[in-house]
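In: Sequence first, then the predicted structure:
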Amino acid sequence: MPAVSKGDGMRGLAVFISDIRNCKSKEAEIKRINKELANIRSKFKGDKALDGYSKKKYVCKLLFIFLLGHDIDFGHMEAVNLLSSNRYTEKQIGYLFISVLVNSNSELIRLVNNAVKNDLGSRNPTFTGLALHCIANVGSREMAEAFAGEIPKILVAGDTMDSVKQSAALCLLRLYRTSPDLVPMGDWTSRVVHLLNDQHLGVVTAAASLITTLAQKNPEEFKTSVSLAVSRLSRIVTSASTDLQDYTYYFVPAPWLSVKLLRLLQCYPPPEDPAVRGRLTECLETILNKAQEPPKSKKVQHSNAKNAVLFEAISLIIHHDSEPNLLVRACNQLGQFLQHRETNLRYLALESMCTLASSEFSHEAVKTHIETVINALKTERDVSVRQRAVDLLYAMCDRSNAQQIVAEMLSYLETADYSIREEIVLKVAILAEKYAVDYTWYVDTILNLIRIAGDYVSEEVWYRVIQIVVNRDDVQGYAAKTVFEALQAPACHENLVKVGGYILGEFGNLIAGDPRSSPLTQFHLLHSKFHLCSVPTRALLLSTYIKFVNLFPEVKGTIQDVLRSDSQLKNADVELQQRAVEYLRLSTVASTDILATVLEEMPPFPERESSILAKLKKKKGPSTVTDLEEAKRERSADVNGGPEPAPASASAASTPSPSADLLGLGAAPPVPTGPPPSSGGLLVDVFSDSPSAVAPLAPGSEDNFARFVCKNNGVLFENQLLQIGLKSEFRQNLGRMFIFYGNKTSTQFLSFTPTLICSDDLQANLSLQTKPVDPTVDGGAQVQQAVNIECVSDFTEAPVLNIQFRYGGTFQNVSVKLPITLNKFFQPTEMASQDFFQRWKQLSNPQQEVQNIFKAKHPMDTEITKAKIIGFGSALLEEVDPNPANFVGAGIIHTRTTQIGCLLRLEPNLQAQMYRLTLRTSRETVSQRLCELLSEQF
């Protein structure tokens with residue numbers, strides 16, 4: 001609010017503010033405000049017309065009352081009337097009131113827009129500035145619609161004053177952030193770039209903010225800004241502090257503008273022009289050199305401004321990742337900050353070095369600071385700095401220092417803050433697996449991890465150690481021996497009991513020859529922990545016991561006595577009771593051959609990506625060091641053959657239980673909660689009736705399937721009882737699909753069992769892993785099922801999703817085709833016209849081309865056709881075909897075994913309402929399938 005002086009004439013406002021400040025209680029303040037509101041209301045409603053001064057004074061009082069926290073429900077029209085005044089002070093108060101009190105959805109916005117429009121066209125730059133400020137402050141969609149086309153004209157007009165240009169640039173930035181679709185790109189975009197050369201640095205600063213935001217969404221439109229930004233940055237960096245006196249901040253020339261220009265350059269790759277690139281390198285070297293110079297002032301503002309420019313320059317160096325010399329110098333500069341007395345600098349240095357560690361040029365330089373980082377981990381008082389130190393140790397780890405870093409992290413874990421323990425556990429588990437030369441060290445590390453921080457060891461971690469032990473014959477005996485010894489401790493964490501139960505159940509026979517670890521000793525050791533464990537762990541141990549019956553016939557009677565006890569057969573938990581009954585029955589009725597088949601050793605898990613890394617990403621969020629590591633695989637040769645094993649069967653239906661929820665996104669191994677799915681036929685005679693037959697496809701299933709060829713999200717099936725929705729994403733040969741089952745009724749669905757059914761051919765070419773869902777779906781509720789997908793080789797069929805459940809005592813059986821099609825594994829590829837037709841000629845063999853001429857089924861709309869081709873997965877190549885009416889696309893189908901290049905050409909004939917679609921790929925079956933799928937879309 002403008003300062004109120006005696007000369008301003010608003011004495012009544014000054015008296016009112018004084019009265020408010022002198023109130024002794026809240027009640028007295030409210031009483032005085034109510035009295036003033038009544039007075040203002042009477043003045044506004046009175047017969048006597050108020051002059052501009054009185055309106056301004058009363059509107060000012062209302063604004064002050066609002067800022068005190070009281071609601072104002074009148075006075076808006078008077079404020080709008082002030083906008084039409086020719087006096088600056090009255091217009092200013094009107095705009096201030098509108099900016100603060102008028103809601104963006106208010107009906108008054110139209111009246112305000114008229115006044116703003118008049119002021120935008122005013123020759124008085126002060127009035128134009130007030131209007132621009134109001135637009136930016138309100139920022140409503142209505143204002144964007146009204147003025148988004150006008151403001152760029154003001155911004156690039158030759159006669160616009162510098163102060164107005166600044167306001168116009170920032171106002172346009174505000175509108176673009178709130179309503180980007182309403183800001184038109186046009187001729188002004190090329191002209192606004194040249195504002196970076198403006199003589200007024202205030203205009204350049206505002207323009208840099210605007211261009212940076214616009215360039216993030218439309219990089220091609222603003223790529224000419226790179227050379228201008230480098231030129232302006234060079235002039236600032238090489239200037240003396242006296243050259244830019246108005247914009248020098250504590251001996252640092254234009255630090256805010258420098259930061260903005262460096263941030264703008266991070267929107268683009270390194271410049272291709274050698275001259276521009278050389279000039280930029282000189283700028284960055286100069287900034288690094290200045291960081292080594294003694295400070296020109298001892299004040300903190302000087303060091304803050306200087307370091308702000310330095311850190312942004314280092315961010316640009318990391319972003320370009322192309323100049324080894326600069327990267328190493330940046331690393332050395334950051335290394336000096338690691339021991340700086342200022343905590344914020346140490347934090348920022350650690351954070352920047354995390355990203356530097358992912359570069360092949362600077363990784364070795366980062367590793368030289370390992371002792372300093374380890375010391376920071378031990379001595380830092382600020383937990384956020386210690387967390388960044390953990391991140392940096394994780395990022396700089398490779399095969400040469402893995403054991404040292406893992407040992408230091410384990411040592412720190414014993415005293416680490418609770419808030420970061422889980423993250424440290426995940427990182428230790430990842431590093432131990434990734435860089436394990438000897439897997440006995442890996443097993444020791446994970447068991448030590450469980451001992452030190454068992455409460456923070458997530459399921460993914462102990463699932464993973466089991467998967468690795470199952471897949472590696474050379475470590476199974478050692479793992480069994482080690483967990484047996486670890487379980488002998490008086491107090492064991494429950495996660496250790498889970499790992500021990502699983503490993504001994506599978507590989508206890510490898511150590512049974514030692515009298516110290518005889519079968520009976522193993523059983524008594526595990527059973528001594530049984531009563532201290534939770535229900536899921538007890539369920540796992542019961543599965544281990546039945547495994548022992550197969551491995552060690554001599555302990556069969558002892559185990560049957562345990563299973564027969566009242567504490568098991570009459571257990572209050574239905575899961576434990578059911579297992580005890582079934583396992584006891586199995587051990588009694590089944591022959592030795594059946595037992596050996598049902599309880600055979602778990603097969604090796606198929607390879608897949610580690611779920612621990614996925615969990616760490618989820619915990620840390622996007623754009624963290626883990627994402628950088630994922631994106632930069634330069635050092636992947638140091639990594640052990642790391643994809644993670646996953647369950648082999650996608651369609652095995654089982655009864656979910658607290659301990660059975662181990663199949664799914666994120667790679668949980670199936671814990672031995674019962675007989676393997678492969679032996680289900682043998683169990684029929686012992687336990688249950690045969691499963692119900694699969695229902696035929698539901699009506700409309702084919703149509704719904706076709707709709708999902710070019711999209712990934714939506715409703716796949718719906719009837720009076722059930723709605724099935726999909727949400728999926730695909731990258732290269734991998735995909736992830738979430739299936740949502742919605743109960744549209746008010747009655748529970750019972751025994752709800754969705755199953756994926758694949759033919760033998762499809763199973764060989766498409767790998768699916770599912771996560772079980774809760775067998776009970778409440779009325780009006782929705783449950784979610786995750787499906788992990790991998791394309792092994794090209795395929796033509798689609799899996800069938802069969803859902804069986806009971807509703808009100810009636811058995812329901814629904815089948816739909818799941819839209820997992822070959823084009824989902826398309827990765828778009830941009831190609832120039834010459835490259836396209838060169839490749840097109842190379843694929844000229846008859847078996848490589850498939851062509852289809854067909855009648856259009858839908859209106860021949862150009863934009864819809866483009867959207868469908870892009871949705872199909874290929875890149876839409878503009879200005880490639882000599883006939884502009886034709887559509888051409890290119891992409892690569894990714895499978896586990898190969899990559900298949902694909903080119904397509906769609907020729908519409910509007911007069912005949914026909915299409916000709918031509919597909920050329922290196923494999924005939926792929927051409928045929930893609931042609932079939934795409935033809936159905938038009």
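Out: Good, I have the coordinates. Numbering: from 1, shown residues only.
In: going forward, measure contacts and count neighbours with C-alpha atoms only.
Out: OK.
In: Ser234: what's it in contact with?
Out: Ser234 is in contact with 279-280, 283, counting by Cα atoms under 8 Å, 6 or more residues apart in numbering.
In: Looking at the residues you listed, state which has the most neighbours.
Out: The residue in those with the most neighbours, by other Cα atoms under 10 Å, is Leu280 (23 neighbours).
In: That one contacts Leu228, correct?
Out: No - contact criterion Cα atoms under 8 Å: Leu280 and Leu228 do not qualify, at 10.9 Å.
In: what about stretch 783-790, distance to the chain center?
Out: On the basis of Cα atoms, centre = their mean, to the nearest Å, stretch 783-790 sits 18 Å off its chain's mean C-alpha point.
In: wait, which of the contacts of Ser234 is closest to Ala875?
Out: Leu280 (33.4 Å; Cα to Cα).
In: wait, which of the contacts of Ser234 is closest to Ser258?
Out: Using Cα to Cα, Cys283 comes nearest to Ser258 of the contacts of Ser234, at 10.6 Å.
In: how close does that closest one sit to Pro603?
Out: 60 Å (Cα to Cα, to the nearest Å).
In: Check Ser528 too.
Out: To Pro603, Ser528 is 29 Å away according to Cα to Cα.
In: Over to Lys367?
Out: Where Pro603 is concerned, Lys367 sits at a distance of 40 Å (Cα to Cα).
In: who has more neighbours, those two?
Out: Shown here are Lys367 and Pro603; by other Cα under 10 Å, Lys367 has more neighbours (20 against 11).
In: which phi and psi does the nearest residue to that one once chain neighbours are set aside have?
Out: Of all residues not flanking Lys367 in the chain, Met396 sits nearest, at 6.0 Å (Cα to Cα, 6 or more residues apart in numbering). Main-chain dihedrals, Met396, degrees, to the nearest 10: phi -90, psi 0.
In: Kindly report the same for the one 3 residues further on.
Out: Geometry field for Arg399 lists phi and psi as phi -60, psi -30, criterion degrees, to the nearest 10.
In: Hmm, it is touching Tyr435, no?
Out: Yes - using Cα under 8 Å, Arg399 is in contact with Tyr435, at 5.3 Å.
In: For these two, work out which one has more neighbours and name it.
Out: With neighbours defined as other Cα under 10 Å, Arg399 and Tyr435 compare such that Tyr435 has more, 22 against 15.
In: separation between the more buried one and Trp441?
Out: Between Tyr435 and Trp441 the computed distance is 10 Å (Cα to Cα).
In: how close does Ser234 get to Val437?
Out: 49 Å.
In: swap in Lys153?
Out: Using Cα to Cα, one gets 65 Å for the distance from Lys153 to Val437.
In: Give the helix, strand or coil label for Glu575.
Out: helix (DSSP: H, G, I helix; E, B strand; the rest coil).
In: Now do the domain split for this structure, please.
Out: 9-78, 364-598, 701-820, 823-936 (the TED database).
In: Same list, those domains, but as TSV with mean pLDDT and distance to Lys117 please.
Out: Shown next, in TSV, are the domains of the chain (pLDDT from 0 to 100; distance: least, Cα to Cα, whole Å):
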stretch	mean pLDDT	distance to Lys117
domain 9-78	87	17
domain 364-598	88	50
domain 701-820	85	43
domain 823-936	84	35
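In: how about JSON lines for those domains, with distance to Glu342 added?
Out: Putting the domains of the chain into JSON lines (distance: least, Cα to Cα, whole Å) gives the following:
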{"stretch": "domain 9-78", "distance to Glu342": "38"}
{"stretch": "domain 364-598", "distance to Glu342": "11"}
{"stretch": "domain 701-820", "distance to Glu342": "43"}
{"stretch": "domain 823-936", "distance to Glu342": "47"}
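In: Please name whichever of the ones you listed is nearest to Ser122.
Out: domain 9-78 (20.2 Å).
In: name the helices or strands packed onto the host helix or strand of Leu262?
Out: Per DSSP states H and E: Leu262 is located in helix 255-265. Here helix 255-265 touches helix 201-217, helix 225-237, helix 300-320, going by 3 or more Cα pairs under 8 Å, 6 or more residues apart in numbering; DSSP states H and E.
In: For the longest one, give me every contacting residue.
Out: With contacts defined as Cα under 8 Å, 6+ apart, helix 300-320 is touched by 249-252, 255, 258-259, 262-263, 265-266, 269-270, 284, 287-288, 291, 295-297, 323, 326-327, 330, 352, 355-356, 359.
In: Which members of these are classed as buried?
Out: 249-252, 255, 258-259, 262-263, 265-266, 270, 284, 287-288, 291, 326-327, 330, 352, 355-356, 359 (16 or more other Cα atoms under 10 Å).
In: how many other residues sit next to Ser728?
Out: Per other Cα under 10 Å, the neighbour tally for Ser728 reads 18.
In: Chain neighbours aside, what residue packs nearest to it?
Out: Met737 (4.1 Å).
In: and that neighbour, that one's in a strand?
Out: Yes - when three-state DSSP is applied, Met737 is found to be in a strand.
In: what separates it from His194, distance-wise?
Out: Applying Cα to Cα, the value for Met737 to His194 is 47 Å.
In: Reduced to three states, what does Lys891 come out as?
Out: One correction, residue 891 is Gly, not Lys. Gly891 is classified as strand under three-state DSSP.
In: Could you double-check that it sits in contact with Cys902?
Out: Yes - between Gly891 and Cys902 there is a contact under Cα under 8 Å: 5.3 Å.
In: For Phe127, list the residues it contacts.
Out: 88, 119-120.
In: Filter these down to the buried ones and hand me the ChimeraX line.
Out: Those of the contacts of Phe127 that count as buried under 16+ other Cα under 10 Å are selected in ChimeraX with:
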select :119,120
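In: Out of the contacts of Phe127, list just those in helices.
Out: 88, 119-120 (DSSP state H).
In: Now pLDDT too, for these, in JSON lines please.
Out: Shown next, in JSON lines, are these (pLDDT from 0 to 100):
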{"residue": "Tyr88", "pLDDT": "89"}
{"residue": "Asp119", "pLDDT": "87"}
{"residue": "Leu120", "pLDDT": "86"}
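In: could you pull out the helices for the stretch 301-450 of the chain?
Out: Remark: helices assigned in the stretch 301-450 of the chain by DSSP state H, counting those that start in this stretch are 324-337, 343-356, 363-367, 370-379, 383-396, 402-413, 418-434, 439-453.
In: Can you lay out those helices as CSV showing distance to Asp566?
Out: Output for the helices of the stretch 301-450 of the chain, formatted as CSV (distance: least, Cα to Cα, whole Å):
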stretch, distance to Asp566
helix 324-337, 66
helix 343-356, 57
helix 363-367, 60
helix 370-379, 52
helix 383-396, 50
helix 402-413, 42
helix 418-434, 39
helix 439-453, 33
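In: between the ones you listed, which gets nearest to Thr898?
Out: That would be helix 418-434 among the helices of the stretch 301-450 of the chain, by Cα to Cα, at 25.4 Å.
In: So which elements touch that closest one?
Out: Against helix 418-434 (3+ Cα pairs under 8 Å, 6+ apart) you get helix 383-396, helix 402-413, helix 439-453, helix 611-620.
In: and these as a markdown table, adding distance to Leu182 and mean neighbour count?
Out: Below are these laid out as a markdown table (distance: least, Cα to Cα, whole Å; neighbours: other Cα atoms under 10 Å):
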| stretch | distance to Leu182 | mean neighbour count |
| --- | --- | --- |
| helix 383-396 | 41 | 23 |
| helix 402-413 | 51 | 18 |
| helix 439-453 | 53 | 20 |
| helix 611-620 | 34 | 18 |
